[in-house]
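A.B. asks: Sequence and predicted structure, then a few things I'm wondering about:
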Amino acid sequence: MPVNTDKQGTSYSLPRPYEVSREAVAEFALATNAKADYHFEPEAATALGYHDVVAPTTFAVIIAQKSEAAYISDPESGIDFSKVVHGSEQFSITRPIVAGDSLDATTHVDGVRASGSNAMITTRTEITDAAEQPVVTVSSTIVVRGDGE
């Protein structure tokens with residue numbers, strides 16, 4: 001198996017909180033063809049009870065991937081990023097992400113197992129707000145191809 005199984009059970013956190021901006025929300029909404037006015041117009045979001053524009057539900061992937069990158073780029077992980085293939089991703093949303101949020105993230109390496117010459121890695125990234133309240137949990141599986149793949 002091409003990765004270090006001893007990393008199962010470890011955790012990695014963002015070096016500093018991710019500051020959610022209106023611009024980032026709008027850019028992501030455009031990139032994902034999310035057209036709801038509350039992604040772009042603060043007035044539309046406040047009419048729904050939010051303090052600013054609301055990010056599309058999958059916006060959390062930006063923050064999760066920044067946190068997961070600490071694990072993937074850790075030389076001790078044994079992961080060759082050029083051999084990484086996305087497997088799956090799931091979101092468990094406690095509340096929407098809104099512009100102005102300051103979000104922390106911690107990625108937990110929940111599983112590392114062999115599948116032929118490949119490695120299957122499952123991670124869980126807990127995203128919390130400045131009050132340390134849960135916002136979104138992102139569960140992800142990646143495949144690291146073995147030699148000869």
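C.D. replies: The structure has been received and is ready for your questions. Numbering: from 1, shown residues only.

A.B. asks: for residue 59, what are its contacts?
C.D. replies: By C-beta atoms under 8 Å, 6 or more residues apart in numbering, the contact set of residue 59 is 20, 24, 25, 28, 97. Where C-beta positions appear, they are placed from N, C-alpha and C, glycine not excepted.

A.B. asks: Looking at those, which is nearest residue 7?
C.D. replies: Ranked by distance to residue 7 (C-beta to C-beta), the contacts of residue 59 are led by residue 97 at 28.0 Å.

A.B. asks: List the contacts of that closest one.
C.D. replies: By C-beta under 8 Å, 6+ apart, the contact list for residue 97 reads 20, 25, 54, 55, 59, 60, 103, 127, 135, 136.

A.B. asks: Mind telling me what element the residue sitting nearest the centre point of the chain is part of?
C.D. replies: Nearest to the geometric centre of the chain sits residue 64, at 1.7 Å (C-alpha atoms, centre = their mean). Secondary structure assignment for residue 64, by DSSP states H and E: helix 60-72.

A.B. asks: likewise residue 88?
C.D. replies: Residue 88 belongs to strand 84-93, assigned by DSSP H and E.
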